[in-house]
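Participant: Task: produce atomic coordinates for the following.
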Amino acid sequence: MVITNFDYEKLISQIEVFKTRMEKLPEAVSLHSERLKLADRVNPGDIPADVVTMNSFVKINWMNTGIIRTINLVYPEYEDRKGWKISVFSSLGAALLGRKQGNETFYRIRNREFSIKIMELVFQPEAHGNYFDKNKTTHKMQVKPAK
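Facilitator: Sure, this is the predicted structure:
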C-alpha cells in the first residue's frame, strides 16, 4: 500500500481522536490503522497516478453482483452515502485506499464478504496537481495538460 504523507498524517490523527472518544475502535478503523502503519508514504507529487488516494473518484465493479458504480473516497466528515461519497473509515473505503486501478480486493460488512474490482481511477487529485502544501497551508489547484 502506498499513501501520501498528508493523507497518512490526517488519517492517523483522526484515528487518534477515535481512540480518545471510544472504548474500542470499530473493526474497520482498527484494521485500517494497522494497514496505514505498514504503508509506504510518499510526497503527494510522487504518488503514482493509478493509486487511489483521498478524494479520488473510483469506478468499481462488485464482482458478486456485477453492479458498477463510481464512488468518491472521502474523509468521514464528508461522507454522504446517498451521493456515493464513501468514508475512508468504512469497510469499502478502507479496502480502496492505496489500491491501484485494476486491483481486485474484498471487504466485509457483518458476516458478508464483497469482492470488488477497481475498474477505473476516474479522478485522482494528485495526478492533476491538486494537493495540500503543508508549508504554505494552502491547497494547490494546478491542472496539468492532458498528454
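Participant: So what touches the helix or strand hosting residue 61?
Facilitator: Assessed by DSSP states H and E, residue 61 sits inside strand 57-62. With contacts defined as C-beta atoms under 8 Å, 6 or more residues apart in numbering, strand 57-62 is touched by 52, 67-73, 96, 114-123. From N, CA and C alone the C-beta is placed, and that goes for glycine too.
Participant: ok and the helix or strand residue 68 falls within relative to strand 57-62, angle-wise?
Facilitator: Using DSSP H and E, residue 68 falls within strand 67-74. Between the axes of strand 67-74 and strand 57-62, defined by axes from the mean of the first three to the mean of the last three C-alpha atoms, to 10 degrees, the angle is 140 degrees.
Participant: partner strands of strand 67-74, parallel or antiparallel?
Facilitator: Applying DSSP bridges to the sheet, strand 67-74 is found paired with strand 57-62 (antiparallel), strand 85-87 (parallel).
Participant: Name the stretch among those that sits most buried.
Facilitator: strand 85-87 (a mean of 20; mean count of other C-beta atoms under 10 Å).
Participant: The next helix or strand after that one packs against which elements?
Facilitator: Note on strand 85-87: by DSSP H and E, the next helix or strand toward the C-terminus is helix 91-96. Counting contacts by 3 or more C-beta pairs under 8 Å, 6 or more residues apart in numbering; DSSP states H and E, helix 91-96 is packed against helix 27-38, strand 67-74, strand 85-87, strand 104-109, strand 112-123.
Participant: Which residues belonging to the second one are considered buried?
Facilitator: So that's strand 67-74. For strand 67-74, burial by neighbour count (16 or more other C-beta atoms under 10 Å) applies to 71, 72, 73, 74.
Participant: Check those residues against residue 36 and report the nearest one.
Facilitator: residue 73 (14.3 Å; C-beta to C-beta).
Participant: Confirm for me that that closest one is in contact with residue 84.
Facilitator: No. With contact defined as C-beta atoms under 8 Å, residue 73 does not reach residue 84; the gap is 10.1 Å.
Participant: What residues of stretch 97-109 count as buried?
Facilitator: Buried residues in stretch 97-109 (16+ other C-beta under 10 Å): 97, 98, 99, 101, 107.
Participant: do stretch 35-44 as well
Facilitator: Going by 16+ other C-beta under 10 Å, stretch 35-44 has these buried residues: 36, 39, 41, 42, 44.
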